[in-house]
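*Asks:* For reference, the sequence and a predicted model appear below.
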Amino acid sequence: MNKTDVIIIGAGPVGLFAVHQLGIKGLKAVIIDNLDKVGGQCIELYPDKPIYDIPAVPECTGKELTDRLLEQIKPFETKFFLNERVDEVKQEGDSWFVKTNNNNTFIAPNIIIAGGVGSFEPRKLALQNTEKFEGKSIFYAVRNKDDFKNKNICIFGGGDSALDWTLELYKFSKVTLIHRRNEFRGAQHTLSEIKKLEKQGKISIKTPFQLDKIEGDNTIKSITIKDDDGNTEQITTDTILSFFGLVMKLGPIAEWGLNMDKKTISVNPNNFETNKKGIFAVGDICSYSGKLKLILSGFHEVALASVECFKRARPNEKYRFEFTTSSKTIQNRLGKK
């Protein structure tokens with residue numbers, strides 16, 4: 001059981017800044033995110049695209065913003081639980097119990113939901129009956145590359161993930177890269193490396209093909225791929241890695257008894273608390289009159305939510321507002337001498 005002051009659900013920019021606002025008040029937090037990396041939409045959707053509306057930062061990319069936020073919260077040594085989805089939330093007295101799909105458990109007086117537009121989930125293969133192979137022969141992410149050693153792998157996709165893992169996994173496995181189009185969408189320098197490996201006979205590339213059939217009982221023995229003209233080809237394989245992008249779903253949040261406004265969570269704009277005491281929603285996932293879906297709005301929201309979190313986590317202490325420029329206590333928490 002992980003006991004803390006605040007459980008933050010979502011590791012995007014707003015969730016990361018929540019750590020800072022809580023940390024300078026002396027509160028501990030953990031972050032849970034179902035993605036395998038920190039940064040949320042900034043990293044998944046536009047890591048290299050410029051952002052122009054962060055105060056005092058004329059221009060930065062999603063990755064640069066994420067890196068700077070991580071640097072800012074480094075003094076608080078926050079524990080991250082990535083690749084984990086919150087499946088259960090229940091009240092225990094004045095605290096909230098949280099359980100993830102990996103059976104990690106947490107308890108805290110506060111939960112901050114900073115889930116953006118919901119959870120990102122992999123776009124699944126369109127064929128029927130693929131579920132029985134998932135986690136055994138079909139995978140939508142690489143958690144540990146050692147699990148894919150000495151395999152016969154078919155990688156589906158045309159973006160960066162498919163290309164990057166082709167470059168990595170061919171070193172110790174047989175790899176076939178399959179894409180439904182002749183053109184790939186990944187980085188040009190990566191694609192150049194891929195083409196070079198194909199010429200050297202170290203990998204195979206099949207385009208324009210899509211998955212048509214899977215053969216096997218509990219594990220995959222072979223697959224059949226089909227091109228646009230209906231021509232088919234059978235490939236012997238034991239592993240499929242599918243990188244068809246991500247879809248956004250509200251997920252289990254919709255079942256937690258929170259007041260919803262379509263696909264967002266209604267909050268009190270004074271402190272961003274939901275209809276459940278101790279559960280707050282900030283960022284794109286929250287809804288109130290005049291709401292703007294901007295990162296800077298989310299920063300404002302967590303600043304106010306963190307005050308209410310303090311009051312719940314430290315009921316016997318009086319909250320005292322302090323400026324970071326003059327507070328020695330805050331500066332000590334930030335590791336400033």
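*Replies:* Received the coordinates, thanks. Numbering: from 1, shown residues only.

*Asks:* contacts and neighbour counts: CA atoms only from here.
*Replies:* OK.

*Asks:* helix/strand/coil for the closest residue in space to G283 that isn't next to it in sequence?
*Replies:* Spatial nearest neighbour of G283, excluding adjacent residues (CA to CA, 6 or more residues apart in numbering): G298 at 4.3 Å. Secondary structure, DSSP: H, G, I helix; E, B strand; the rest coil: G298 is helix.

*Asks:* How about the contacts made by G298?
*Replies:* Neighbour list for G298: 14, 282-284 [criterion: CA atoms under 8 Å, 6 or more residues apart in numbering].

*Asks:* for this structure, what are the low-confidence residue spans?
*Replies:* Residue ranges of the chain with pLDDT under 70: 45, 117-120.

*Asks:* And the residue nearest the centre of it, how close does it get to E84?
*Replies:* Residue closest to the average C-alpha location in the chain (CA atoms, centre = their mean): L35, at 2.8 Å. Applying CA to CA, to the nearest Å, the value for L35 to E84 is 7 Å.

*Asks:* mind listing the helices for the stretch 1-150 of the chain?
*Replies:* Ranges of helices in the stretch 1-150 of the chain, per DSSP state H, counting those that start in this stretch, are 13-23, 41-44, 62-72.

*Asks:* Now distance to E215 and mean neighbour count too, for those, in JSON lines please.
*Replies:* Shown next, in JSON lines, are these (distance: least, CA to CA, whole Å; neighbours: other CA atoms under 10 Å):
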{"stretch": "helix 13-23", "distance to E215": "43", "mean neighbour count": "26"}
{"stretch": "helix 41-44", "distance to E215": "32", "mean neighbour count": "18"}
{"stretch": "helix 62-72", "distance to E215": "40", "mean neighbour count": "18"}
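
*Asks:* To Q91, which of those helices lies closest?
*Replies:* helix 13-23 (21.6 Å; CA to CA).

*Asks:* Just want the angle from that closest one to helix 62-72.
*Replies:* 10 degrees (axes from the mean of the first three to the mean of the last three CA atoms, to 10 degrees).

*Asks:* by contact count, what packs against helix 13-23?
*Replies:* Under the contact definition 3 or more CA pairs under 8 Å, 6 or more residues apart in numbering; DSSP states H and E, helix 13-23 sits against strand 6-9, strand 29-33, helix 62-72, helix 295-313.

*Asks:* repeat that for 6 Å
*Replies:* Here helix 13-23 touches helix 295-313, going by 3 or more CA pairs under 6 Å, 6 or more residues apart in numbering; DSSP states H and E.

*Asks:* What residues sit buried inside the helix it packs on?
*Replies:* 295, 298-299, 301-310, 312-313 (16 or more other CA atoms under 10 Å).

*Asks:* got the angle for it vs helix 13-23?
*Replies:* Using the same axes, to 10 degrees: helix 295-313 against helix 13-23 is 40 degrees.

*Asks:* Next SSE downstream of helix 295-313?
*Replies:* Note on helix 295-313: by DSSP states H and E, the next helix or strand toward the C-terminus is helix 328-333.

*Asks:* how far away is the residue nearest to G283 from F80?
*Replies:* Taking CA to CA as the measure, G298 falls 20 Å from F80.

*Asks:* Equivalent analysis for T324, please.
*Replies:* According to CA to CA, T324 stands 25 Å off from F80.

*Asks:* Who has more neighbours out of those two?
*Replies:* F80 (16 against 12; other CA atoms under 10 Å).
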